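In: Predicted model and sequence below, questions to follow.
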Amino acid sequence: MPHDVSLITTIAAALGLGLIFGMLAIRLKLPALVGYLAAGILIGPATPGFVADIELSAQLAEIGVMLLMFGVGLHFSVDDLLQVRRIALPGAILQIVVATAMGVGLAHWWGWSLGAGLVFGLALSVASTVVLLRALEDRGILDSINGQIAVGWLVVEDLVTVLVLVLLPALSGWLGGSGGQEGGTLWKTLALTLGQVIAFIVFMLVVGRKLFPWLLWRVARTGSRELFTLCVIAAAVGIAYGSSRIFGVSFALGAFFAGMVLRESELSHRAAEESLPLRDAFSVLFFVSVGMLFDPLVLVQYPLQVLAVVAVIVIGKSIAAFVLVLMLRYPLNTALTVSASLAQIGEFSFILAGLGMSLGLLPKEAQSFILAGAIISIALNPAVFKLVEPLQNWIRSKSDLARKFERPDDPLAELPMTTDQNKLNGQVVLVGYGRVGRRIADDLAARGIHFVVADQNRERIEELRKQGIPAVAGDAAEPAVLIQAHIARASMLVVATPDTFGVRAMIETARALNPTIQTVVRTHSESEAVLLRREKAGKVFIGEHELATSMTQYILGSLEQQEHGTSHSQ
């Protein structure tokens, strides 16, 4: 047996302490990611006791980055992004610009170079997808329009960051770092870098898009689960490594495109499921290795600087996002949800900080500031989300503020004057036009039943109006939206959105204006269903129960047919 077992020691210490501190973080109602970072701090060189091998940890972290980026690519949906493109694309880009400018301002105040300020600002501008998805899932709003906007916003941030990761090495010399201009001018280096990236993207879209899904199918047909998992992981790591060696692009970009091309396969969901345990394990190693780089003394030596960084992340970014969402004419609830979603930083910030350090752009303390800002902002994020509802209620209690924020002059918030009044008498008011709402609307239209759609997605409302369907944009929990949908003359209110946050307010408004109205509500939670029934919310459908009922009816019907067939044959 070899005596040098530093790799095993490092992995054992990282995973073991990650488990302990992750569980402790969960018990304290914090994201597990905070616990992983704390485990890294404990086994890092800045704290006494056992110190893990930093060089090995860095390589393990690189694999973690590959698998994280592979997971992002595997879940990246162009269709989902297009659904919210009019708010996510301009909103994310403007918010990155504003947050980066705040970071540059802090860096200039501290006497850093422009290059350091740009990298520092970009690191502060990018929120953690891992933290966001967990927060939205915990609150049951991942599939709501607010959840889709927040996720779409972060997808745009991720794409911008991937572009920065590609271009930064080429620009580093011009920004005052090392490398980037050896053997030629800036423009020649930049052109070469972009040429390599374009060649890689073309190769992946033309060849990889057909080759790798085909390979996945071939392996799946063997029936071996181990080979399928191995194929997925080998594709992620192999493409990342090969793209770096052949095309000179980063591991992160290679892994991202590996996920994107495998998503083209019908087996993409299985690929995501099979690779999840390994991705989770290496993401833990990534966060632990990041924690090892953090020096807790920075909190004592630079308390004001850390406070300023946290203020930019939690307050500055949130206010910028809040204003941008309202300027794009989305409701107050959407603005507050997106603001809370962005009030933290995570994995991409660490990757940017590491690249900035390796290129000689960032001073040593910058990485510690970014890590401190990440740990504190992630720890505060659940509390920030809890402020959304009381802050919304407070703003709405101030009529002047509410009128200013809710944008009553929005043309999409009112039904057109040309709407046929015959369609606004005894109609169904349908709240939510997602996958469920669209099917309900199609069935109603096929039977000649009039309906009005209320949805927060402005793009959907515009499309519906082009089709001649009465539709109003806004949060149906607001009385003004239901009033515009002519709820007082409606026969039924159908809430088809998975976001049950404002259902009780919708029902209360509907019954106040129309005491005889019938209500139909969709929910995913048994506890919410009990609460809604207690408040006499009408008919409540629970997704899992309805699926089980439909499957049972089909099974019983099939068995009866078999019995009849058997009896006839006898």
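Out: Received the coordinates, thanks. Numbering: from 1, shown residues only.

In: From now on I want contacts and neighbour counts done on CA atoms only, so please keep to that.
Out: Fine.

In: which one is Leu17 nearest to, not counting chain neighbours?
Out: Ala39 (5.4 Å; Cα to Cα, 6 or more residues apart in numbering).

In: next helix or strand past the helix or strand hosting Leu336?
Out: Assigned by DSSP states H and E, Leu336 belongs to helix 332-341. Next helix or strand after helix 332-341 toward the C-terminus (DSSP H and E): helix 347-358.

In: how far does that following helix sit from the chain's center?
Out: Remark: helix 347-358 is offset 20 Å from the chain centroid, using Cα atoms, centre = their mean, to the nearest Å.

In: what mean pLDDT does that helix have?
Out: The average pLDDT for helix 347-358 rounds to 85.

In: helices and strands around that helix, which ones?
Out: Contact here means 3 or more Cα pairs under 8 Å, 6 or more residues apart in numbering; DSSP states H and E; on that basis helix 347-358 packs against helix 114-125, helix 145-171, helix 364-386.

In: give me that answer again for 10 Å
Out: With contacts defined as 3 or more Cα pairs under 10 Å, 6 or more residues apart in numbering; DSSP states H and E, helix 347-358 has these neighbours: helix 54-75, helix 114-125, helix 129-138, helix 145-171, helix 268-292, helix 364-386.

In: what comes up buried for it?
Out: 347-357 (16 or more other Cα atoms under 10 Å).

In: relative orientation of it and helix 268-292 in degrees?
Out: 50 degrees (axes from the mean of the first three to the mean of the last three Cα atoms, to 10 degrees).

In: Dump helix 347-358 to CSV, restricted to CA.
Out: Provided in CSV are the C-alpha atoms of helix 347-358 (Å, rounded to 0.1, in the frame of the first residue of the first chain):
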residue,chain,number,x,y,z
GLU,A,347,-20.4,29.7,-7.8
PHE,A,348,-19.7,31.9,-10.9
SER,A,349,-18.3,34.6,-8.6
PHE,A,350,-15.8,32.2,-7.2
ILE,A,351,-14.8,31.0,-10.7
LEU,A,352,-14.4,34.7,-11.9
ALA,A,353,-12.4,35.5,-8.7
GLY,A,354,-10.1,32.5,-9.3
LEU,A,355,-9.5,33.4,-12.9
GLY,A,356,-8.9,37.0,-11.9
MET,A,357,-6.3,35.9,-9.4
SER,A,358,-4.6,33.5,-11.8
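
In: Is the residue nearest to Leu17 in contact with Thr10, as I believe?
Out: No - the criterion here is Cα atoms under 10 Å, and Ala39 misses it with Thr10 at 11.9 Å.

In: ok, those two, which is more surrounded?
Out: Legend: neighbour count by other Cα atoms under 10 Å for Ala39 and Thr10, higher for Ala39 (28 against 21).

In: can you tell me which residues contact that one?
Out: Applying Cα atoms under 10 Å, 6 or more residues apart in numbering to Ala39 gives the contacts 13-22, 33, 284, 287-292.

In: Tell me the secondary structure at Ala127.
Out: Following DSSP: H, G, I helix; E, B strand; the rest coil, Ala127 is assigned to coil.

In: mind listing what it touches?
Out: Ala127 makes contacts with 153-154, 157-158, 313, 317, 341-349, 374, 377-378, as judged by Cα under 10 Å, 6+ apart.

In: and with 7 Å instead?
Out: By Cα atoms under 7 Å, 6 or more residues apart in numbering, Ala127 lies in contact with 154, 342, 344-346.

In: So, low pLDDT: which residues of the stretch 301-450 of the chain?
Out: Applying pLDDT under 70 to the stretch 301-450 of the chain flags residues 398-411.

In: related to what we said a few turns ago, Ala488: which of the helices and strands packed on helix 347-358 is closest?
Out: For Ala488, the closest of the helices and strands packed on helix 347-358 is helix 145-171, at 25.5 Å, according to Cα to Cα.

In: tell me the angle the helix or strand just after that closest one makes with helix 145-171.
Out: Downstream of helix 145-171, the first helix or strand assigned by DSSP H and E is helix 186-203. With the same axes, to 10 degrees applied, the angle from helix 186-203 to helix 145-171 works out at 130 degrees.

In: I'd like to know how far Ile395 sits from Val388.
Out: 11 Å (Cα to Cα, to the nearest Å).

In: tell me what the helix holding Leu336 is packed against?
Out: helix 145-171, helix 317-327, helix 388-397 (3 or more Cα pairs under 7 Å, 6 or more residues apart in numbering; DSSP states H and E).

In: Any chance of JSON lines for those helices, columns mean neighbour count and distance to Asp442?
Out: Converted to JSON lines, these look like this (neighbours: other Cα atoms under 10 Å; distance: least, Cα to Cα, whole Å):
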{"stretch": "helix 145-171", "mean neighbour count": "22", "distance to Asp442": "20"}
{"stretch": "helix 317-327", "mean neighbour count": "21", "distance to Asp442": "31"}
{"stretch": "helix 388-397", "mean neighbour count": "14", "distance to Asp442": "34"}
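
In: how about CSV for the ones you listed, with distance to Arg263 added?
Out: Listed next are the helices and strands packed on helix 332-341 as CSV, based on distance: least, Cα to Cα, whole Å:
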stretch, distance to Arg263
helix 145-171, 15
helix 317-327, 30
helix 388-397, 34
